[in-house]
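>>> what's the 3D shape of this:
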Amino acid sequence: MEEAGFKTITPEEFAGLDFSLYTLVDLREPDELLISSIEGAINIPFSKISGGLSKIPKDKPVILYCHSGDLSEEIAELLYERGYDVSHVEGGYAAYRKLTEGDTVKPTKNNKASREFIDAKGLKCPGPIVKVADYLREKPDGTKIHVEATEDAFYSDIRIWCERTGNTLENISFEEGIIRADITKSERPAEKTLVSAGNDKTFVVFSGDLDKTIAAFIMANGAAAMGRNVTIFFTFWGLNILRRPDKVKVKKKFIEKMFGFMMPRGTRKLGLSRMNMAGMGAKMIRSIMKSKGVSSLEELVESAKAHGVHLVACQMSMDIMGIHKEELIDGVELGGVSTFLGSGEQSDMSLFI
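Have a look, this model is predicted:
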């Protein structure tokens, strides 16, 4: 089928082709390739597409595919305008994989009847990993669990989580849209002890944008689930994330009152960094997150606090912006540059958001 000059092919048509006659371009992110991929395909992640189009040769017809088919359709139109003989796969790699691999994946050897069952289906990152970590935290070594999840990223996440925490991944499989993993809690080898210098994570949240804040707390929850000590240092506009949603009566100078009036109070008042549209964009993002089963920002914040993530407010920034300690949510510590540097020196990763 042709649309706007490029072709759309079905997963069945795609599966029947001789791939050697085409240039296959996989637009998925590298972590998605860990689950499954097609040998010989060029990987140009959609996130880096602006600098990757020049790498696509014109000597053979080009077939594009992404995860679900939406992004590949956009790029197919762009390549057609540049003179390519290009097609994209309807339904993306997910549809092709379901067609070709659904009946060939071997089931898990140890079924859930012989293990403690964890149902993580429908949860979005970092939900499945956090649920597994919470369940095993107080269990004795040798505990056997069977986990089922529906998010593709879990296939990669659970393998890396087991590797880094010392737990044993006995089996993992993918069948009919469900990832099944059998895990045995193992004694952690000394060289993989997690609560040690160099494995901590530190985030500096300078921005007060909703989307960036969501990303920060997703990563923080994921790191905490892997047993890392996590510190989030909030400074300048990031302090608005920590403000209580209700007005708190505190004595302020005139300029402090003006700052407080103009700045958002709490997470529910944050706007998007792009396409905020006077607050409509933020509402749309929250609605989409809810429909997709992604934890809200407020739930992510509570989860981070429950898992020991240190929330630190920059005292200097608070003084400049006229924010008082009484205006902050519970569980927030006050700190300065030494607090941040001390945390950063114990970390193998520090991010400025």
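
>>> Quick test: name the residue nearest the centre of the protein.
Centroid-nearest residue in the chain, with CA atoms, centre = their mean: residue 125, separated by 5.4 Å.

>>> for it, helix, strand, or coil?
Three-state call for residue 125 (DSSP: H, G, I helix; E, B strand; the rest coil): coil.

>>> Show me where the stretch 251-353 of the chain has its strands.
Here the stretch 251-353 of the chain has its strands, by DSSP state E, counting those that start in this stretch, at 310-314, 332-335, 347-352.

>>> Just say which of those strands is most tucked in.
Between the strands of the stretch 251-353 of the chain, strand 310-314 has the highest mean count of neighbours, a mean of 23, where neighbours are mean count of other CB atoms under 10 Å. No exception for glycine: its C-beta is placed from N, CA and C like everyone else's.

>>> ok, and what's touching that strand?
If you take CB atoms under 8 Å, 6 or more residues apart in numbering as the criterion, strand 310-314 is touched by 229-236, 239, 242, 304-305, 323, 328, 331-336, 339-340, 343.

>>> same deal with stretch 65-77?
Contacts of stretch 65-77 with the rest of the structure, by CB under 8 Å, 6+ apart, involve 3-8, 14, 24-28, 32, 46, 49, 53, 64, 86-96, 152.

>>> Mark which of those are part of strands, please.
Per DSSP state E, strands hold the following members of those: 3, 6-8, 24-26, 64, 86-89.

>>> Which stretches in this structure count as helices?
Remark: helices of the chain, listed N- to C-terminal, are 11-15, 30-33, 70-81, 92-101, 127-137, 153-165, 210-225, 254-262, 280-291, 297-306, 315-321, 337-345; assignment by DSSP state H.

>>> what would these look like in TSV with mean neighbour count and distance to residue 146?
Compiled in TSV, the helices of the chain are given as follows (neighbours: other CB atoms under 10 Å; distance: least, CB to CB, whole Å):
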stretch	mean neighbour count	distance to residue 146
helix 11-15	17	30
helix 30-33	16	23
helix 70-81	19	33
helix 92-101	19	21
helix 127-137	20	11
helix 153-165	19	12
helix 210-225	22	18
helix 254-262	12	51
helix 280-291	14	28
helix 297-306	18	24
helix 315-321	16	47
helix 337-345	15	37
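
>>> Distance to residue 183 added to those helices, as JSON lines?
JSON lines is the format used below for these (distance: least, CB to CB, whole Å):
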{"stretch": "helix 11-15", "distance to residue 183": "32"}
{"stretch": "helix 30-33", "distance to residue 183": "20"}
{"stretch": "helix 70-81", "distance to residue 183": "33"}
{"stretch": "helix 92-101", "distance to residue 183": "23"}
{"stretch": "helix 127-137", "distance to residue 183": "7"}
{"stretch": "helix 153-165", "distance to residue 183": "6"}
{"stretch": "helix 210-225", "distance to residue 183": "13"}
{"stretch": "helix 254-262", "distance to residue 183": "48"}
{"stretch": "helix 280-291", "distance to residue 183": "28"}
{"stretch": "helix 297-306", "distance to residue 183": "21"}
{"stretch": "helix 315-321", "distance to residue 183": "42"}
{"stretch": "helix 337-345", "distance to residue 183": "30"}
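
>>> where does the chain have low pLDDT?
Flagging of the chain using pLDDT under 70 yields the residue ranges 1-4, 31-32, 34-35, 46-47, 50, 101-114, 187-198, 337-338.

>>> Look up how far residue 157 lies from the residue nearest to the centre of the chain.
Applying CB to CB, to the nearest Å, one obtains 7 Å for the distance of residue 125 from residue 157.

>>> shared neighbours of the two, which are they?
Both residue 125 and residue 157 are in contact with residue 222, where contact means CB under 8 Å, 6+ apart.

>>> re earlier: go ahead and build a PyMOL selection from the buried members of the ones in strands among the contacts of stretch 65-77.
Buried members of the ones in strands among the contacts of stretch 65-77 can be picked out in PyMOL with the line below, counting by 16 or more other CB atoms under 10 Å:
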select buried, resi 6+7+8+24+25+26+64+86+87+88+89
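
>>> Residue 11: what's it in contact with?
If you count contacts by CB under 8 Å, 6+ apart, residue 11 has them with 89-91, 95-96, 98-99.

>>> got a list of contacts for stretch 322-330?
Surrounding stretch 322-330, the residues in contact under the criterion CB under 8 Å, 6+ apart are 239, 242-244, 248, 250, 252-253, 255-257, 259-260, 266, 301, 313, 317-318, 334.
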